[in-house]
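Student: Take this sequence and fold it.
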Amino acid sequence: MNYEAVIGLEVHAQLLTDSKIFCGCSTRFGAEPNTHVCPVCMGHPGVLPVLNRKVVEYALKTAVAVDCRVAERSIFARKNYFYPDLPKGYQISQYEAPLAEHGRVQIEVDGRTRTIGLTRIHVEEDAGKLIHDSRLPKSYVDLNRTGVPLIEIVSEPDIRSPEEASAYLKRLRDILVYLEVCDGNMEEGSFRCDANVSIRPVGDEKFGTRTELKNMNSFRGVQRALEYEIRRQAGVLDSGGEVVQETRLWDVGQETTTSMRGKEEAHDYRYFPDPDLVPLVVDREWVERLRADLPELPAAKKARFMADYGLTAYDAEVLTDSRPLADYYERAVAAHGNPKAVANWVMNDLLGALNDQGLDIRHSPVTPDNMAGLVKLIDDGRISGKIAKKIFEDMVATGQSPADIVSQKGLVQVSDEDELSNIIDEILAAHPKEVEQYRGGKKKLLGFFVGQVMKRTKGQANPQVANEILAKKLGG
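Tutor: Okay, here's the model as predicted:
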């Protein structure tokens, strides 16, 4: 394609506070409609908003984590527009004086590292939700989300491909989740994204006419929507047309974007400072304390896992996907120092079992110590890998330690050479035809004899020892 994409993303992240931004109503998701509301968040006459300090703390943590410059003084503004889910007729946000500006997020795509600039981070309240009746021409209004605290994170138009957009969103979400300020759940709407996209001939510096994309509720959805819209705009220009500045909706089923409304150069929201809220003045010592208390962030943790534990980039990426998962892995490695083996069991067996049961790593029935204990039993030669799989199933089902399960079920691996030698003598004596065929060159029969050993020992023979004894007795 002879065009270059220019993409900027606007992310709304719901903050993990117990109460709303300007009142004491609960922010819990999934309650009955219009039960988490009060006169303040519903905008009744005469009520006054009171700023939630925890909202500011979480916004500041985010700002310092992405290297933003925090403003010593920011101002809340009223964003005026009419919509049925906005009971006050305005949304409290920030406009000319946001909380933080000029940050950056580093991403990696196809082995290349790029820095995506951030224009601003500001605090605002969410609107309500419209629920459309599929059977009747009716819509219902649920105001439970009204007043739920958000931060809006606006990127510079530095993103040049749908793949970079997806990588940026994933990195930003990982940072927010690591900071424990947002759960990053796109399906529930606590991490939402709008995209501004335009194209221009390769080598041009001037931006093209942009469209705004909405209704994308997954990382894949964002990438697919951008891919389609870039192709659509290229087709318009190639046919001699002009791209129209507008807002378009992503249709997940059809995998197309459709026009929602035309868009002027800027909406006239008639912003003005909120007269009920004083300017927000942030103490510099508070900011520095938050900076000093930042956890190790995903990119740094991934690099450390690769350096300290010898993991591949892929394994380190998986194990640092969430802070609780990374903590679990490190506790297991600390209990038994075989980083690669522990990584394999955690990624392949544990995460699979948790997924089947719909459990989070924080509710794993297998503790880090028990996971380490299982790997140690294998490394010490006390159990085979096959037996370990059965033991692991019991660990998931019961929460017991692997040592207790081995003891209760008598699953200790048979590694005694004299005992295995006697068993193998009996097997060879019982199968003279197969022995003759093996010695005649049919070497694949070794697997048959190993299988007989496993059958006689109920799977508890040490495979390596059994193979060595068989090779000696059969003559190599």
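Student: Buried residues in the longest helix along the chain, which are they?
Tutor: Using DSSP state H, we find that the single longest helix of the chain is helix 219-238. Using 16 or more other Cβ atoms under 10 Å as the test for burial, helix 219-238 gives 219, 221-230, 232-234, 237. C-beta coordinates here come from the backbone N, C-alpha and C atoms, glycine included.
Student: What score does residue 260 have for pLDDT?
Tutor: Predicted confidence (pLDDT) for residue 260: 82.
Student: circling back to that earlier point, same for the longest helix of the chain, what does it pack against?
Tutor: strand 3-14, helix 162-179, strand 191-201, strand 211-216, strand 246-251, strand 256-262 (3 or more Cβ pairs under 8 Å, 6 or more residues apart in numbering; DSSP states H and E).
Student: Let me know the closest of the buried residues of helix 219-238 to residue 132.
Tutor: Checking the buried residues of helix 219-238 against residue 132 by Cβ to Cβ gives residue 221 as the nearest, at 19.7 Å.
Student: Surely the closest one touches residue 252?
Tutor: Yes: at 6.3 Å, residue 221 counts as touching residue 252 under the criterion of Cβ atoms under 8 Å.
Student: average model confidence for the longest helix of the chain?
Tutor: The model assigns helix 219-238 a mean pLDDT of 94.
Student: That one versus strand 246-251: what angle between them?
Tutor: Comparing the axes of helix 219-238 and strand 246-251 via axes from the mean of the first three to the mean of the last three Cα atoms, to 10 degrees yields an angle of 130 degrees.
Student: neighbouring contacts of helix 219-238?
Tutor: Applying Cβ atoms under 8 Å, 6 or more residues apart in numbering, the set of residues contacting helix 219-238 from outside is 1, 3, 5, 7, 162-163, 165-166, 169-170, 186, 193, 195, 197-199, 208, 211, 213, 216, 242-243, 248, 250, 252, 255-257.
Student: filter those residues to the buried ones?
Tutor: Looks like those have 3, 5, 7, 162, 165-166, 169-170, 186, 193, 195, 197-199, 208, 211, 213, 216, 243, 248, 250, 257 buried, using 16+ other Cβ under 10 Å.
Student: Taking helix 162-179 as reference, get the angle to the helix or strand where residue 300 lies.
Tutor: For residue 300, the host element (DSSP states H and E) is helix 298-309. Interaxial angle, helix 298-309 versus helix 162-179 (the same axes, to 10 degrees): 80 degrees.
Student: now the longest helix of the chain against strand 191-201, angle please.
Tutor: Using the same axes, to 10 degrees: helix 219-238 against strand 191-201 is 30 degrees.
Student: okay, the angle between helix 219-238 and strand 3-14?
Tutor: Using the same axes, to 10 degrees, helix 219-238 lies at 140 degrees relative to strand 3-14.
Student: Return the mean pLDDT over the longest strand along the chain, rounded to an integer.
Tutor: Secondary structure assigned by DSSP state E gives strand 112-125 as the longest strand of the chain. For strand 112-125, mean pLDDT rounds to 96.
Student: State the paired neighbours of that strand in the sheet, together with their directions.
Tutor: strand 100-109 (antiparallel), strand 149-155 (antiparallel) (DSSP bridges).
Student: Quick check: buried residues in that strand?
Tutor: Burial within strand 112-125, assessed by neighbour count using 16+ other Cβ under 10 Å, is assigned to 116, 118, 119, 120, 121, 122, 123, 124, 125.
Student: Make TSV from the strands paired with strand 112-125 and add mean pLDDT, distance to residue 309 and mean neighbour count to it.
Tutor: Formatted as TSV, those follow (pLDDT from 0 to 100; distance: least, Cβ to Cβ, whole Å; neighbours: other Cβ atoms under 10 Å):
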stretch	mean pLDDT	distance to residue 309	mean neighbour count
strand 100-109	94	19	19
strand 149-155	97	32	23
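Student: Please tell me how far residue 146 sits from residue 55.
Tutor: Distance, residue 146 to residue 55, by Cβ to Cβ, to the nearest Å: 15 Å.
Student: what does residue 138 give?
Tutor: 34 Å.
Student: same deal with residue 356?
Tutor: For residue 356, the distance to residue 55 - Cβ to Cβ - is 37 Å.
Student: list the buried ones in stretch 292-308?
Tutor: Neighbour-count burial for stretch 292-308 [16+ other Cβ under 10 Å]: 297, 298, 299, 301, 302, 304, 305, 306.
Student: re earlier: which element is encountered next along the chain beyond the longest strand of the chain?
Tutor: With secondary structure assigned by DSSP H and E, strand 112-125 is succeeded by strand 129-132.
Student: who touches the next helix or strand after that following strand?
Tutor: Next along the chain after strand 129-132, taking DSSP H and E as the criterion, comes strand 139-142. With Cβ under 8 Å, 6+ apart as the test, strand 139-142 has contacts from 33, 34, 84, 85, 128, 129, 130, 131, 132, 133.
Student: The first one reaches residue 130, doesn't it?
Tutor: No: the pair residue 33 and residue 130 does not pass the contact test of Cβ under 8 Å, sitting 11.1 Å apart.
Student: Can you list the low-confidence ranges for this protein?
Tutor: 1, 262-267, 412-416, 476 (pLDDT under 70).
Student: Can you give me the domain assignment for it?
Tutor: Listed by automatic domain parsing, the domain ranges of the chain are 3-287, 296-409, 417-474.
Student: and the last one, how far from the chain's centre?
Tutor: What separates the centre of domain 417-474 from the centre of its chain is 49 Å, taken as Cα atoms, centre = their mean, to the nearest Å.
Student: start at 74 instead
Tutor: New numbering, starting at 74: the last item is domain 490-547.
Student: May I have the distance across it, first residue to last?
Tutor: By Cα to Cα, to the nearest Å, the extent of domain 490-547 from end to end equals 16 Å.
Student: what's the answer for stretch 314-328, then?
Tutor: Start-to-end, stretch 314-328 (Cα to Cα) is 23 Å.
Student: Leaving out the residues flanking it, which one is nearest to residue 386?
Tutor: Closest residue to residue 386 apart from its sequence neighbours, by Cβ to Cβ, 6 or more residues apart in numbering: residue 379 at 6.4 Å.
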